[in-house]
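Student: need a structure here:
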Amino acid sequence: MKFQLKTSKNVEEIIMDLYAVTKITPNILARIAVALSISKDPSPPNTVSDRSGKEFNRDTLTGEYDYIFKALIAQHAGREISDEEYFPTLFNAHLERGVKILSNEYKYAKSIEGLVRNLITNQQG
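Tutor: Sure thing, here's the model as predicted:
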């Protein structure tokens with residue numbers, strides 16, 4: 001069972017840029033990004049080979065919601081997944097895709113308030 005995840009350099013840069021403008025901590029941004037990946041794209045995410053970015057501890061990323069994230073990722077995959085496949089492989093793949101979605105959402109919203117409003121509004125429809 002793995003407890004560490006290393007992002008790509010690109011994900012690290014995007015998360016740190018978003019943190020600088022939103023003041024939302026990187027672990028919360030990562031959780032939002034994974035949720036966006038799961039909710040906005042039904043196709044499986046591409047696995048990540050670049051691991052030269054930020055290192056996260058599993059508990060920092062998922063915390064008390066680890067089982068929920070695993071269940072959501074398994075449901076998205078449409079099959080049962082092993083713990084080793086879930087973290088870091090699939091979690092990181094969803095993080096990679098989701099962080100790009102989150103960055104685009106922020107660019108469109110132009111403010112943290114607009115981002116939150118858009119995320120809430122888009123999820124209700």
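Student: host element of residue 38?
Tutor: According to DSSP states H and E, residue 38 maps onto helix 26-40.
Student: show me what secondary structure element comes after that helix.
Tutor: strand 55-57.
Student: now the longest helix that the chain contains: mean pLDDT?
Tutor: In the chain, with assignment by DSSP state H, the single longest helix is helix 91-109. For helix 91-109, mean pLDDT is 95.
Student: now do the buried residues in it.
Tutor: Residues 91-103, 105-106 are the ones in helix 91-109 that count as buried (16 or more other Cβ atoms under 10 Å). Quick note: C-beta positions are derived from backbone N, CA and C, even for glycine.
Student: buried set for the helix or strand immediately after that helix in the chain?
Tutor: The C-terminal neighbour of helix 91-109 among helices and strands, as given by DSSP H and E, is helix 112-124. Buried residues in helix 112-124, defined by neighbour count with 16+ other Cβ under 10 Å: 115, 119.
Student: what packs against helix 112-124?
Tutor: helix 9-22, helix 26-40, helix 91-109 (3 or more Cβ pairs under 8 Å, 6 or more residues apart in numbering; DSSP states H and E).
Student: run the last query once more with 6 Å
Tutor: Helix 112-124 sits against helix 91-109, with contacts defined as 3 or more Cβ pairs under 6 Å, 6 or more residues apart in numbering; DSSP states H and E.
Student: ok so, going back, what's the helix holding residue 38 in contact with?
Tutor: 15, 18-19, 60-61, 72, 76, 94-95, 97-99, 101-102 (Cβ atoms under 6 Å, 6 or more residues apart in numbering).
Student: many thanks, have a good one.
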